[in-house]
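A.B. asks: Sequence plus predicted model, see below.
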Number of protein chains: 2
Amino acid sequence: MGNCKFARLSLKSTFIWSLCSQYSTALTAVGRALIVRSCQLIQHRYVHSRGLGASPANPGAAPPWLPFSRVTQEDLAFFRTLLPGRTITDPDLLKSSNVDWLKTVEGNNEVLLRPKTTEEVSQILRSRNLEVCPHRGNTGLVGGSVPVFDEIILSTSLMNQVITFDNISGILTCQAGCVLKNLSNYLEERDFIIPLDLGVKGSCHIGGNVSTNAGGLRLGQFWVLADGWILNCLATLRKDNTGYDLKQLFIEGTLGVITAVSILCPRKLKAVNVVFLDEMTRCSSFQQLLETFQCCRGMLGEVLSAFEFLDASCCMSLLEKHLKLTNPITSLLQTTGSNTTRDEEKLHNFLEEVMTSSLVTDGTVATEATKIKALWSLRERVTEALTHEGYTYKYDISLSVEKIYDLVGGYGHVGDGNLHLNIPSPFNDPALLAAIEPYVYEWTSEWKGSISAEHGLGLKMRNYIYYSKPSEAIALMGSIKAMLDPKGILNPYKTLPDNIH
Amino acid sequence: MGNCKFARLSLKSTFIWSLCSQYSTALTAVGRALIVRSCQLIQHRYVHSRGLGASPANPGAAPPWLPFSRVTQEDLAFFRTLLPGRTITDPDLLKSSNVDWLKTVEGNNEVLLRPKTTEEVSQILRSRNLEVCPHRGNTGLVGGSVPVFDEIILSTSLMNQVITFDNISGILTCQAGCVLKNLSNYLEERDFIIPLDLGVKGSCHIGGNVSTNAGGLRLGQFWVLADGWILNCLATLRKDNTGYDLKQLFIEGTLGVITAVSILCPRKLKAVNVVFLDEMTRCSSFQQLLETFQCCRGMLGEVLSAFEFLDASCCMSLLEKHLKLTNPITSLLQTTGSNTTRDEEKLHNFLEEVMTSSLVTDGTVATEATKIKALWSLRERVTEALTHEGYTYKYDISLSVEKIYDLVGGYGHVGDGNLHLNIPSPFNDPALLAAIEPYVYEWTSEWKGSISAEHGLGLKMRNYIYYSKPSEAIALMGSIKAMLDPKGILNPYKTLPDNIH
């Protein structure tokens, strides 16, 4: 039965591997999460179940509504005094903040607040037993940043100031509502880079990136806890070993609202090269891909900043079929270093090596910015091509190396990294969904993978946490939640499963 | 008054800066903590105060003894059945485990246990209300790994097996008692490296390194909690974003005993070069050192693995005076890459640049392993030279960039990193100590530095935590401690201050 299901998956699915080097977090193109607005349908609209909350019959079911206070006229008056002109109740203005980016989750919130300072956030939380949903750039894929019922939306969009930047240490301190792209531009002008690159960088907020633990960003933070307590752990030091490191707890706004962050930013390295390796699939095995990757790490280790592989039979045919892209690539690697000439020499040596040993039949080096952009966009347009297939079931899993060998049937070992598994279908089909889930999660869990490598758990995945974490650890998370947010008002219905509040 | 004290400090102190590159954590020679056994005296021996416990009059005073159960004959019988031949009660054998490495702290323990498995650790903790002190390589500098009174010593020295190593992803999983040097040898044979290098690598245990949060090591762990609960968070994935990341909490054995760890290991890069830059101090300002460092990061960014500066007026004269080392260096940088020729070219370009712009008068590149070792040993022998001065007050602080400018009077900005501040004195002088402390901590705190960059808090620094963390954060740590270890039996008297149990 397992094999039968697996066969279906492997036939229908497309996948993209990110085989990043060990240095990649410190460099640039890491974790280029591929996120394209696709034509999804609202699947999670629970407004009508308000008050009818019950234990979910299955992991994807509605969460039981929790009896929080409702926003009164006194609350509104208080908010309007505290945030004049920044207390939004106009239904038209609220609409877009109630729906997530994929248009799969819709809340029914009636108040949106736009604080500008940590102190204002503290006063909002201190006011009454009112549940809040911290709202960042609304680019999440798991329904974590929009209300489920009528939680107050706490938007950080006006908390968008850089506080300090130290151009010796590279430590940036800024408010949590800064847009990633704006920070990137700010740093580029100063010859530094932000250690994260996402397709949605023009919308996502740095506070959201940090809340979902995006790679390497967490040097320190300012939090406001559920009772309005302000906790200043805004480290501006790379090394500090005094007591427990609390910052990794503040995930998805469920223990505290992050209002400012500090991040260690690397210097910008000017020499960027992208190589695409061609026809590797004719070599017919993943084993050869892995040998190429191993060779690449040995010969390009310190400059390798990304290594991505696209499943040829699916991704490539999709690109050709829907986007009329000919000559699509199968594998793409990027180097980032300080000296173009030296890096190119290293790359040519590498290409010679892998072609001599027949691992690769051809490879082309791109150094011009426009060509590099074009190559990356090929990689990034896979998701766009997928949307033309109709509906796509999206999974973001990571798996250990040995198990991949079994999974992709004799394809050999695969480096660590995460797998964007996309299962296209002409339409959203409950029968197909039932065949995929929970099978995908069971399969990932059995092989000790993570069911969410990058995206978090949010609303949609909250009850699947047991597939990736032992129940003891989840119980401990629940105890921490109960300790820090005893009334459960911070981003309720998210991250932790329904049986823990 | 502050200035007067500062003048004393700046005259008497020697300091060493580690200005590591942003890539250094992923590379090798990072955080080469300089630890040499020096002739200290036992300052913390509280055996005679047993039962007299009272609130300490000052931060360095004895902790109040806590009324734990005493080890009974039944307990011993249980331990001997569980750990035959591995339950040590011979006072001669116990002696060395009761005294810390610097010989400044001495406990009075009567039982040492040597489990081999996580399950055995669990059974020990589950047995009764007996306090334990997890004991690793005993190389800590803050009295964290030896008993204070008569806590049971839980040694991990027999938990020394590698569990798995994946040569594609570079993920190593091993028991917590593996000696760092053994792991380093194991990985070197497989063309990988362990991402940590310490002077005490021949003794320290990986579990101890992880417990004190040594850079970049924490991928996942196996813990045993105070009640014997086993928590398996031994991740073998680089990416996992499901729920709260608990691993950063398990510091200094106070919330759980780490029994196994998983670590992401980088590939070994064969080209190592060390450069020493000479006579930089004749340029008379830190500003020029910083310009050199900035230039270095721009030109060598991806291969730069260490940049260390030694205060010339003190360190250099000490080396000359006590160790008869002539022509000592003032600054040392290391590159680690995949291609010797290319890296050397980059280095020579860099040297040309800094000499042309008069930042440096001379520089020498060393590529041979023996010469590299000799250069590093110069850096490492500063501490040895210090011991010839008599007694040394040692501090391990990190400070933010702007404040260093003020501190070292017109020396300019300094990159982030940590400062090993050593204040030599002919003997251990209480009057001098009173002049130094708490002034050093107040001064660090005022400038938002950390009072312990690398060493942890242990016994000696527990009450100084308020200088580096806000009281709200410390209260939260106390709540977490109370939740996970309600009886306070795990490494009592360590990390958290006496007013929190």
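C.D. replies: Received the coordinates, thanks. Numbers count the residues shown, from 1 in each chain, chains lettered A, B, ... in the order given.
A.B. asks: rest of the way, CA atoms for contacts and neighbours
C.D. replies: Noted.
A.B. asks: so what's the residue of the stretch 101-250 of chain A found nearest chain B up against?
C.D. replies: Relative to chain B, the nearest point of the stretch 101-250 of chain A is A:D240 (4.3 Å; C-alpha to the nearest C-alpha). Taking C-alpha atoms under 8 Å, 6 or more residues apart in numbering or on different chains, we find A:D240 in contact with B:398, B:450-454.
A.B. asks: Now do the same for it: helix, strand or coil?
C.D. replies: Taken by DSSP: H, G, I helix; E, B strand; the rest coil, the conformation at A:D240 corresponds to coil.
A.B. asks: Which pLDDT value goes with it?
C.D. replies: Note on A:D240: pLDDT of 78.
A.B. asks: how near is it to B:K460?
C.D. replies: For A:D240, the distance to B:K460 (C-alpha to C-alpha, to the nearest Å) stands at 16 Å.
A.B. asks: what do you get for A:N428?
C.D. replies: 62 Å.
A.B. asks: More neighbours: which of the two?
C.D. replies: Applying other C-alpha atoms under 10 Å in any protein chain shown to A:N428 and B:K460 shows that B:K460 carries more neighbours, namely 23 against 15.
A.B. asks: Which helix or strand contains that one?
C.D. replies: Under DSSP states H and E, no helix or strand contains B:K460.
A.B. asks: Quick check: closest non-adjacent residue to it.
C.D. replies: In space, B:K460 comes closest to B:V142 once its chain neighbours are excluded; the distance is 5.2 Å by C-alpha to C-alpha, 6 or more residues apart in numbering or on different chains.
A.B. asks: What is the burial count for that neighbour?
C.D. replies: B:V142 - counted by other C-alpha under 10 Å - has 23 other residues nearby.
A.B. asks: Any figure for the gap between it and B:V148?
C.D. replies: 12 Å.
A.B. asks: which neighbours do those two share?
C.D. replies: What both B:V142 and B:V148 touch, as defined by C-alpha under 8 Å, 6+ apart, is the set B:L459.
A.B. asks: Now for the residue nearest to B:K460: which residues touch it?
C.D. replies: B:455-461.
A.B. asks: quick one: secondary structure of it?
C.D. replies: Here B:V142 is recorded as coil under three-state DSSP.
A.B. asks: where are the low-confidence patches of the stretch 51-200 of chain A?
C.D. replies: A:51-60 (pLDDT under 70).
A.B. asks: For it, just list every one of the strands.
C.D. replies: Taking DSSP state E, counting those that start in this stretch as the test, the strands found in the stretch 51-200 of chain A are A:87-88, A:105-106, A:112-113, A:132-135, A:152-155, A:162-166, A:171-175.
A.B. asks: Count the residues that sit near A:Y439.
C.D. replies: By other C-alpha under 10 Å, the residues close to A:Y439 number 16.
A.B. asks: ok, now A:T164?
C.D. replies: Count around A:T164 with other C-alpha under 10 Å applied: 13.
A.B. asks: which ones are touching the nearest residue to it once chain neighbours are set aside?
C.D. replies: Leaving aside its sequence neighbours, A:T164 sits nearest to A:T173 (C-alpha to C-alpha, 6+ apart; 5.1 Å). Contact analysis of A:T173 by C-alpha under 8 Å, 6+ apart lists A:162-165, A:236, A:260-263.
A.B. asks: A:T173 and A:D166: what is the separation?
C.D. replies: The value you get for A:T173 to A:D166, if C-alpha to C-alpha is used, is 9 Å.
A.B. asks: hmm, who's touching stretch A:482-493?
C.D. replies: A:63, A:68, A:129-134, A:144, A:147-148, A:151, A:225-227, A:252-257, A:458-459, A:462, A:481, A:501, B:479.
A.B. asks: coming back round to it: just the buried subset of the contacts of A:T173, please.
C.D. replies: By neighbour count, with 16 or more other C-alpha atoms under 10 Å in any protein chain shown, the contacts of A:T173 hold A:162, A:165, A:236, A:260-263 as buried.
A.B. asks: Could you point out which of those residues is nearest to B:S97?
C.D. replies: Closest approach between the buried ones among the contacts of A:T173 and B:S97, by C-alpha to C-alpha: A:T236, at 37.2 Å.
A.B. asks: Quick check, pLDDT for the closest one.
C.D. replies: 69.
A.B. asks: Specify which member of the buried ones among the contacts of A:T173 is nearest to A:I124.
C.D. replies: Nearest member of the buried ones among the contacts of A:T173 to A:I124, counting by C-alpha to C-alpha, is A:A260, at 16.5 Å.
A.B. asks: So A:I423 belongs to a strand, correct?
C.D. replies: Yes - the assignment for A:I423 by three-state DSSP puts it in a strand.
A.B. asks: Can you give me the domain boundaries for chain A?
C.D. replies: The record's domain split for chain A, according to automatic domain parsing, is A:2-27+A:269-446, A:44-158+A:479-484, A:162-264.
A.B. asks: For those domains, could you give me JSON lines that also reports distance to A:T495?
C.D. replies: Below are the domains of chain A laid out as JSON lines (distance: least, C-alpha to C-alpha, whole Å):
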{"stretch": "domain A:2-27+A:269-446", "distance to A:T495": "16"}
{"stretch": "domain A:44-158+A:479-484", "distance to A:T495": "8"}
{"stretch": "domain A:162-264", "distance to A:T495": "7"}
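A.B. asks: quick one, which of the ones you listed is nearest to B:G207?
C.D. replies: Taking the domains of chain A one by one with C-alpha to C-alpha, domain A:162-264 is closest: 15.8 Å.
A.B. asks: mind checking the end-to-end distance for the closest one?
C.D. replies: Termini of domain A:162-264 sit 14 Å apart (C-alpha to C-alpha).
A.B. asks: gap between it and the chain center?
C.D. replies: Counting by C-alpha atoms, centre = their mean, to the nearest Å, domain A:162-264 is centred 15 Å from the centre of its parent chain.
A.B. asks: Check stretch A:89-96 too.
C.D. replies: That offset, for stretch A:89-96, works out to 26 Å (C-alpha atoms, centre = their mean).
A.B. asks: Can I get it in PDB? Just the C-alpha atoms.
C.D. replies: In PDB, the C-alpha atoms belonging to stretch A:89-96 read as follows (Å, rounded to 0.1, in the frame of the first residue of the first chain):
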ATOM      1  CA  THR A  89     -12.400  49.500  11.400                       C
ATOM      2  CA  ASP A  90     -13.500  50.200   7.800                       C
ATOM      3  CA  PRO A  91     -14.500  46.800   6.400                       C
ATOM      4  CA  ASP A  92     -13.100  47.600   3.000                       C
ATOM      5  CA  LEU A  93      -9.700  48.400   4.400                       C
ATOM      6  CA  LEU A  94      -9.800  45.300   6.600                       C
ATOM      7  CA  LYS A  95     -10.700  42.900   3.900                       C
ATOM      8  CA  SER A  96      -7.200  42.300   2.500                       C
END
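A.B. asks: how close does A:S69 get to chain B?
C.D. replies: As judged by C-alpha to the nearest C-alpha, to the nearest Å, A:S69 and chain B stand 27 Å apart.
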